[in-house]
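Participant: Pasted the sequence and its predicted model underneath.
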Amino acid sequence: MSDGVSRENVPFRLTELVCASLTEWRTGETLPARTSEAWQLVYLRSGVIEEQCDTHWITVRRGGLLFHQPNERHAMRAVSEVPPEVLRIEFRCDGAAMDLFRGRSLVANAGEKACLRALSASVEEVFEAPDQPDQPAALRQDAPFGAQQLMGVQLIWLLIMLTRRLRRPHKPSPRARMEQDQASLVEAVRQYFAHHIERELRLEEICTENECGRVQLQNAFRARTKMGPMEYFGMMRLEHAGTLLAQGYTPGQVAQRMHYSSGAYFAHRFKEVTGQTPSAYRKKPQPLHLCNK
């Protein structure tokens, strides 16, 4: 490549999103065998499936993902009592790094699951759900601005994260693996917090949406941030409230927009943490770094 950019620095060249779907299958339903000329990513959001990979079948459980390489014959059977929800993305991508995914199946970690959730949302924005689950999905004519490009960026992001994990030269120690898992979980939950910053969240909801236990989540946040998850989210919300005040919103508008129980509670909490009333801060704002204390 020219301009000093090596092939290694651009390991993936996504040339086409062929089709994609997020489908819930009834137990016993099947996807007929076919051969595609492109790569295909399969991710299981719930339930259990059996996936054909040329001459053999693989059982994939919730959180599992696999890749079909070009010209590989594949099919699917829904085998669990829980209706399996399957994300399937067919795409054309060049680059030597793709060789790493030939015949590959693995279980997504917390950070990869966050990316896969974003990909799932993009698939529903970019592609029409087919009338029959075994039919190919077509591109939406009313997709939001830049939705297809954003989906491509998210797919590349996932491929890079997976490649980094698979290329680690040595098996990490149990402690290092625990720290990696905690870091991935905290980052995934931070992204979830940012997406829901203007509403209250319950710990049970956070655990369910991020597929983790209460103790696991508490321990990860204490180890990585020295705060509990709800305390950290509260600091993130106050930082966001400060941004809104700096933009000219009144304290009452901020409290209403962010669904605080009352304006008085918001004012009390803001002053308790920052040392200033919302009105005083609004007149002379400065960056808040509450999550970095």
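Facilitator: Perfect, I can see it now.
Participant: can you give me the helices for the stretch 51-200 of the chain?
Facilitator: For the stretch 51-200 of the chain, the helices defined by DSSP state H, counting those that start in this stretch occupy 110-126, 147-166, 174-195.
Participant: Identify all contacting residues around the shortest one.
Facilitator: Contacts with helix 110-126, where a contact means Cβ atoms under 8 Å, 6 or more residues apart in numbering, come from 17, 20-22, 43, 45, 63, 65, 87, 89, 108, 139-140, 143-144, 147-148, 150-151, 154-155, 157-158, 161-162, 165, 181, 184-185, 187-188, 191-192, 210-212. Where you see a C-beta, it was placed from the backbone N, CA and C, and this is true even at glycine.
Participant: Give me the buried subset of these.
Facilitator: 17, 20-22, 43, 45, 63, 65, 87, 89, 108, 143, 147-148, 150-151, 154-155, 157-158, 161-162, 181, 184-185, 188, 191-192, 210-212 (16 or more other Cβ atoms under 10 Å).
Participant: one step back: same list, the helices of the stretch 51-200 of the chain, but as JSON lines with mean pLDDT please.
Facilitator: Shown next, in JSON lines, are the helices of the stretch 51-200 of the chain (pLDDT from 0 to 100):
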{"stretch": "helix 110-126", "mean pLDDT": "93"}
{"stretch": "helix 147-166", "mean pLDDT": "94"}
{"stretch": "helix 174-195", "mean pLDDT": "88"}
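Participant: out of these, nearest to Phe101?
Facilitator: For Phe101, the closest of the helices of the stretch 51-200 of the chain is helix 147-166, at 7.5 Å, according to Cβ to Cβ.
Participant: Please name every helix or strand in contact with the closest one.
Facilitator: For helix 147-166, the packing partners by 3 or more Cβ pairs under 8 Å, 6 or more residues apart in numbering; DSSP states H and E come out as strand 13-24, strand 85-94, helix 110-126.
Participant: Reformat the ones you listed as CSV; add distance to Met258.
Facilitator: Below are these laid out as CSV (distance: least, Cβ to Cβ, whole Å):
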stretch, distance to Met258
strand 13-24, 30
strand 85-94, 32
helix 110-126, 23
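Participant: what's the pLDDT at Lys293?
Facilitator: On the pLDDT scale, Lys293 is placed at 56.
Participant: How is this structure partitioned into domains?
Facilitator: According to automatic domain parsing, the chain comprises the domains 7-166, 231-292.
Participant: I'd like these written out as JSON lines, with distance to Glu198 added.
Facilitator: Output for the domains of the chain, formatted as JSON lines (distance: least, Cβ to Cβ, whole Å):
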{"stretch": "domain 7-166", "distance to Glu198": "18"}
{"stretch": "domain 231-292", "distance to Glu198": "5"}
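Participant: check contacts around the residue lying closest to Val82 once chain neighbours are set aside.
Facilitator: Using Cβ to Cβ, 6 or more residues apart in numbering and skipping residues adjacent in sequence, the residue nearest Val82 is Gly47, 4.3 Å away. Going by Cβ under 8 Å, 6+ apart, Gly47 touches 25, 62, 78, 80, 82-85.
Participant: need the contact list for Leu203.
Facilitator: 214, 217, 229-230.
Participant: now, which of these sits nearest Arg34?
Facilitator: The shortest gap between Arg34 and any of the contacts of Leu203 belongs to Leu217, at 40.7 Å (Cβ to Cβ).
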